[in-house]
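Predicted structure and sequence below. I'll ask about it afterward.
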Amino acid sequence: MSERTLTILKPDLLAARQQGAALQQILDGGFDVVAMRQTILSREQAEAFYEVHRERPFFTDLIAFMTSGPVVVACLERENAVARLRELMGPTDSRKAPESTLRGRFGTDIQYNAVHGSDSAENAAREVSFFFPELA
C-alpha cells in the first residue's frame, strides 16, 4: 500500500550543494515526489515544526541550524514510505551511519545530519500538512 512521508534536505546539505545528489538517491530508492519546494524557514515555522523537542536541551541549536539557510521540503510517496526513508537516511548521528545512507554520505554529526524524515505515519501526515496543506 502506498504511503506518504516528509523529508527535509537541511541547510548543511544545501550549503554543500549536494541536494541534487541526495534527491537522486531518494528517487533511486523508489520514491515518487508528490510535492517539493525550496524555502527558508522562519524562526516561527521552525519552532512550530519542532515543537515536540521544545523541552530538549538541543532545541535552541536545532532552531538556529534549521533557520541558517535554505532547505528543500518534499512529500514523498511509495510503499512503506516512512520505514523505507528511515532506512535510506540511516541513524540520526551521521558518524554512526553507513556510507550508503544519506546521513552517512552527506552528514557530519548528530546535528548536521543532512536530512530529516518523518518517524511515524502519524507524524508524516502532520508534517506533510504543515508544509503542504493542499495535500491534507
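Done, it's in. Numbers count the residues shown, from 1 in each chain.

what's the first-to-last distance across stretch 90-109?
12 Å (Cα to Cα, to the nearest Å).

thinking residue 81 is in contact with residue 6, fair?
No. Judged on Cβ atoms under 8 Å, residue 81 makes no contact with residue 6 at a distance of 9.4 Å. All C-beta atoms are positioned from the backbone trio N, CA, C, and that covers glycine.

any shared contact partners between these two?
Shared contacts of residue 81 and residue 6 (Cβ atoms under 8 Å, 6 or more residues apart in numbering): residue 124.

Centre-most residue in the chain?
Per Cα atoms, centre = their mean, the C-alpha nearest to the average position across the chain is that of residue 116, at 2.2 Å.

Please report the distance of it from residue 2.
Distance of residue 116 to residue 2, computed by Cβ to Cβ, to the nearest Å: 21 Å.

sorry, back to before: the residue nearest to the centre of the chain looks like it's in a helix, true?
No. Counting by DSSP: H, G, I helix; E, B strand; the rest coil, residue 116 is not part of a helix but strand.

And it, how far from residue 36?
14 Å.

Isn't residue 107 up against residue 11?
No. Residue 107 lies out of contact with residue 11 (Cβ under 8 Å); the separation is 12.0 Å.

Now stretch 53-68: buried residues?
Within stretch 53-68, the residues scored as buried using 16 or more other Cβ atoms under 10 Å are 59, 62-63, 65-67.
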